[in-house]
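> Model the structure of this input:
(chains A and B)
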Number of protein chains: 2
Amino acid sequence: MEGLVQCSANYVPLSPICFLERAAVVYGDKDSIIYGTVRYTWRETLQRCVNLASALSRLEISPGDVVAALAPNVPALYELHFGVPMAGAILSALNPRLDSTMLALILQQLEAKIIFVDYQFLQVFLQALGILSEAKIKPPILVLILECCHPATFSSTNEKIPAGSLDYDGLLAMGQPDFEIIRPSNECTPISVNYTSGSTGNPKGVVYSHRAAYLNSLAVIFRSDLKQMPVFLWTVDMFRCNGWCFPWTVAALGGTNICLRKVSAKVIYDAIFLHNVTHFCGATSLLNLIADAAVTDQRPLPHKVDIVIAGALPPPQVLMKAVELGFNVTHSYGMTEALGPVTTRLWHPEPNSYQHAKIKCRQGLHNLIMEGVDVKDPSTMKSVPRDGKTIGEVMFRGNTMMMGYHKNLKATQEAFRGGWYRTGDLGVMHPDGYIQMKDRSKDVIISGVKTISTIEIEAVLVGHPMVMEVAVVGRPDDCLGETPCAFLKLKEGCATSADEITNFCAERLPAYMVPQTVIFGDLPVNSTGKIQKFVLREKAKAVGKLPL
Amino acid sequence: MEGLVQCSANYVPLSPICFLERAAVVYGDKDSIIYGTVRYTWRETLQRCVNLASALSRLEISPGDVVAALAPNVPALYELHFGVPMAGAILSALNPRLDSTMLALILQQLEAKIIFVDYQFLQVFLQALGILSEAKIKPPILVLILECCHPATFSSTNEKIPAGSLDYDGLLAMGQPDFEIIRPSNECTPISVNYTSGSTGNPKGVVYSHRAAYLNSLAVIFRSDLKQMPVFLWTVDMFRCNGWCFPWTVAALGGTNICLRKVSAKVIYDAIFLHNVTHFCGATSLLNLIADAAVTDQRPLPHKVDIVIAGALPPPQVLMKAVELGFNVTHSYGMTEALGPVTTRLWHPEPNSYQHAKIKCRQGLHNLIMEGVDVKDPSTMKSVPRDGKTIGEVMFRGNTMMMGYHKNLKATQEAFRGGWYRTGDLGVMHPDGYIQMKDRSKDVIISGVKTISTIEIEAVLVGHPMVMEVAVVGRPDDCLGETPCAFLKLKEGCATSADEITNFCAERLPAYMVPQTVIFGDLPVNSTGKIQKFVLREKAKAVGKLPL
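Below you'll find the predicted structure:
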């Protein structure tokens, strides 16, 4: 067609930066952040982020540079989600529970020019700095985030801090309030790097674009049927998939961020009553926290509160408890590479817990903005029949996928082979379009001619009234190749026997799926709380077969 | 950054086509369309649209070709919103109230290869065909849309229909159900052309891209706080800004479309009760229709129903009535060039109608996806102060703007001069970010040294209990240059005098704003129902000054 143009009037590179600019107009006087006695409005938050971007520019941060952060969910980390992109730079919020070796490795890979470190994690950072300095690698400039209420912390640790370091408030004061925001000239420019937990090797730096972050922030709204001005409690780590993109979503909706240094049941219940929290999210353990809270903390809610959880299945009684208390619980399935949750499903508890566990295994429907969610034969790339039986690999494609792994083209190409993102998870497709997870490809147990999904066994075991946590792995078997081996952590004060457990399973599962080995004790988890099945597999190999 | 790729796994050109594909999976068995006794599910709608796209391809429609339509809000026009883009083509849904000369002109400009004509508008199309044929212009192939319930219509008009014409159902039957959907390789490819009403000259063909249509369909969801599966009643014309993008939005949310051949109060109330309609929208007259409905039709609603209206201000008593009946009324401001409404504001009726009219003048806040909404000095392009007083031109920029005017690069460049879309409307910016419209630049009255906003006078006049419709224009005056001249249509059975009207205004407006001339009678409207102020200006010039 003739007569058309593309110009700044009708084409603006998609970027979540605009959510904050709009919030400062539309919701200017409304609370943006509440953190203890600290309170900001959206107009103030925009101003602080502009100052931050300006200060970064004055520190010679240029478009494309990486700015790292090591902090809990404090206001500074929220502001970095806007201030860093507004300087044209790329944010990498790192897991503060990383050890210093891993942290040094990641900082080296990122070539971060500046790092914002919360005083609480200064120790591990200084250790990493030592490692970098030994390897003669130029360290990033340190900006220390102090507790607003305890500015004294800075001076008390002063002697260990490298020369040239700054503190966060001092940095903001360096900024010009009329700094001109640097916008991406191309919406596919990186906005952030999020490291995977690396449960099976070195962590990978997953790169998000401004476009993907913008669209996924909108996707979050649809997924959770969010309305304007939600009150969002920061229980999910902002360093995990950029807090599932919630820093940007909350700005888009002019909501209020309730920031938290540390999550506890008391803090959650207090915030719900004090700030009228409407939404929070995180790993499954969050649900345990709520349901197992001390009776003094646990109270029936004054209004419905939505929780989205991701990860393992919680015991049905925990779920029932949460629903009884007044929570709407949605379970989701996703990964760092997909910017967080992709498929979701609202839970309605069923009286029969086994039945319920079966339903819970169905991981729900794909979100509006993810273009394709399918279960495919990984060799032919054909969709499996929608019969709820044929196993294939769960695959995604769409605009809310990562750009790839930083400095790891081979891994990127492998992940996107065939034009789809390969999750490595096995599943089936039901006739109604719901995907049901079967297992991670590498966790599945091949026993004789049977293929066994470990998560189906786990779904039964979490239904046992004494079981707190569970993981099933394959254990080498001379005759069958592998047999199921269950690792169980019981609830406090509970005791049971391997026999009782296998009987419980035998009543609910076909014989070949009943664990031949049952081991009680704590389960090994990585820095992000994921159970490390590779550790359990080694353990299963090592231990003698327990008597049934 | 290194290691990144762009491929089909992580980059998919944005297009509303995907909403239908997802709806067929996620909401497969749910009603997509209800039209009298006709009912389709989302799975069926996808299949019908694939067949339609396939049939179009078989008729040698290629990517970039234009397919026109002349139809009321029947299922076929809905299906064309997906089927035409799925063949790679561009949809132009035309106003069936155009006269044959204008229709011929537009068809010539569009070079439409195929036109879908509803049997009800066959006459005007055949006349336009005559004009094209006289001018030796190749006419488009005719596809006749028959009333599903009255297939006999086709044969009865048979003799007038050009050889080679088809009927809609016959065309669908030509399609292959396994046709591979043609997707835009670039999301900035045109998806549709919507003609402006052309109240001030020849209508202009406003071109929308897939990207803009996709993003604006999402914007509609935020604007109206829509949840999943709304029931949408088709009272807004699908040929107007592609029905404000609602064909795509309803698919995105898996809602139900209640199609209508003709809008009446009875039809609206019946649909609300029969189908649990949750949303509808259209011009302000829709509100009059509801409030003025015969007592037999008008019933208190069984649930809240959301209406979005655009255009002139309705009389406050009409608004109050609608709210009393159970409607949530939102007023919006936008234009074809911005894909429909841009700013919106929910109305809360006020007891004092003048006060209320004042509040109504404030046109609300910009939508999430529109990047910028501002009031600027058109010569310097600087924002006016946020004082609610300084008049400037209302301007927009963002991804939900048109690509330009078809075959009219000059008009496109003029509209986008300075990198913003210039609405031609005058307004002020309030300290809270709300924009208040003052007038169209060309409608404003310059009286002595005063600049008078005609819509401020109109806002007062609609508050008069006898006034149904009003328009104020400038009338030449030897001494002051211009003075306000009011044209009024009174409610049925009402009578009043010019004196009474000017007294009413004098109590509520400064003296220089009180109309010096008052004329009673019907107001001239164009094909889309807009009052033609240029006709009134001529009339005002011609008539003698009425006694006050």
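> pretty sure residue A:410 is in a strand, no?
No. Using DSSP: H, G, I helix; E, B strand; the rest coil, the secondary structure at residue A:410 is helix, not a strand.
> number of nearby residues for it?
If you count neighbours by other Cβ atoms under 10 Å in any protein chain shown, residue A:410 ends up with 9. Heads up, the C-betas are built off the backbone N, CA and C, glycines and all.
> Point out the residues in the stretch 401-548 of chain A that sit beside chain B.
Proximity of the stretch 401-548 of chain A to chain B is confined to A:401-409, A:411-413, A:415-416, A:419-421, A:432-433 under the rule Cβ under 8 Å from any Cβ of the partner chain.
> Let's verify residue A:396: helix, strand, or coil?
Three-state call for residue A:396 (three-state DSSP): strand.
> quick one: it and residue A:425 touch, right?
No. Contact criterion Cβ atoms under 8 Å: residue A:396 and residue A:425 do not qualify, at 10.4 Å.
> For whichever residue of the stretch 51-200 of chain A sits closest to chain B, give its distance to residue A:90.
Taking Cβ to the nearest Cβ as the measure, the stretch 51-200 of chain A has residue A:190 as its residue closest to chain B, at 5.3 Å. According to Cβ to Cβ, to the nearest Å, residue A:190 and residue A:90 sit 5 Å apart.
> Spit out the residues that contact those two alike.
Common neighbours of residue A:190 and residue A:90, using Cβ atoms under 8 Å, 6 or more residues apart in numbering or on different chains, are A:64, A:207, B:1.
> count of neighbours near the last one?
Neighbours of residue B:1 under the rule other Cβ under 10 Å: 18.
> Now the terminal residues of stretch A:323-330, how far apart.
11 Å (Cα to Cα, to the nearest Å).
> now swap in stretch A:235-252 and tell me
19 Å.
> Any part of that stretch near chain B?
Yes. Applying Cβ under 8 Å from any Cβ, one finds that stretch A:235-252 is in contact with chain B at residue A:252.
> Distance from that stretch to the middle of the chain?
Taking Cα atoms, centre = their mean, to the nearest Å, one finds the center of stretch A:235-252 at 9 Å from the center of the full chain.
> which residues are in contact with the helix or strand containing residue A:474?
Using DSSP states H and E, residue A:474 sits within strand A:467-477. For strand A:467-477, the surrounding residues in contact (Cβ under 8 Å, 6+ apart) are A:288, A:312, A:315, A:443-447, A:452, A:454-455, A:457-458, A:461-462, A:482-492, A:515-517, A:523, A:531, A:533, A:536-537, A:540-541.
> Please apply the same query to stretch A:25-39.
By Cβ under 8 Å, 6+ apart, the list of residues contacting stretch A:25-39 reads A:23, A:40-45, A:74-75, A:78, A:148-149, A:229, A:251, A:254, A:256-260, A:275, B:365-366, B:432-433.
> Using PDB, list the CA coordinates for it.
Output of stretch A:25-39 as PDB, limited to C-alpha atoms (Å, rounded to 0.1, in the frame of the first residue of the first chain):
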ATOM      1  CA  VAL A  25       1.100  10.500  35.200                       C
ATOM      2  CA  VAL A  26      -2.000   8.300  35.700                       C
ATOM      3  CA  TYR A  27      -1.200   7.100  39.200                       C
ATOM      4  CA  GLY A  28       1.200  10.000  40.200                       C
ATOM      5  CA  ASP A  29       0.000  10.400  43.800                       C
ATOM      6  CA  LYS A  30      -0.600   6.700  44.500                       C
ATOM      7  CA  ASP A  31       1.800   4.600  46.600                       C
ATOM      8  CA  SER A  32       4.300   2.800  44.400                       C
ATOM      9  CA  ILE A  33       6.400   1.300  47.100                       C
ATOM     10  CA  ILE A  34       6.000   0.600  50.800                       C
ATOM     11  CA  TYR A  35       8.900  -0.800  52.700                       C
ATOM     12  CA  GLY A  36       8.600  -0.500  56.500                       C
ATOM     13  CA  THR A  37       8.400   3.200  57.100                       C
ATOM     14  CA  VAL A  38       9.600   4.100  53.600                       C
ATOM     15  CA  ARG A  39       6.800   5.100  51.200                       C
END
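> per-residue confidence averaged over it?
Summarised as a single mean, pLDDT over stretch A:25-39 is 94.
> One more: stretch A:231-248?
97.
> out of residue A:396 and residue A:425, which sits in the more crowded spot?
residue A:396 (24 against 20).
> so what pLDDT did residue A:199 get?
56.
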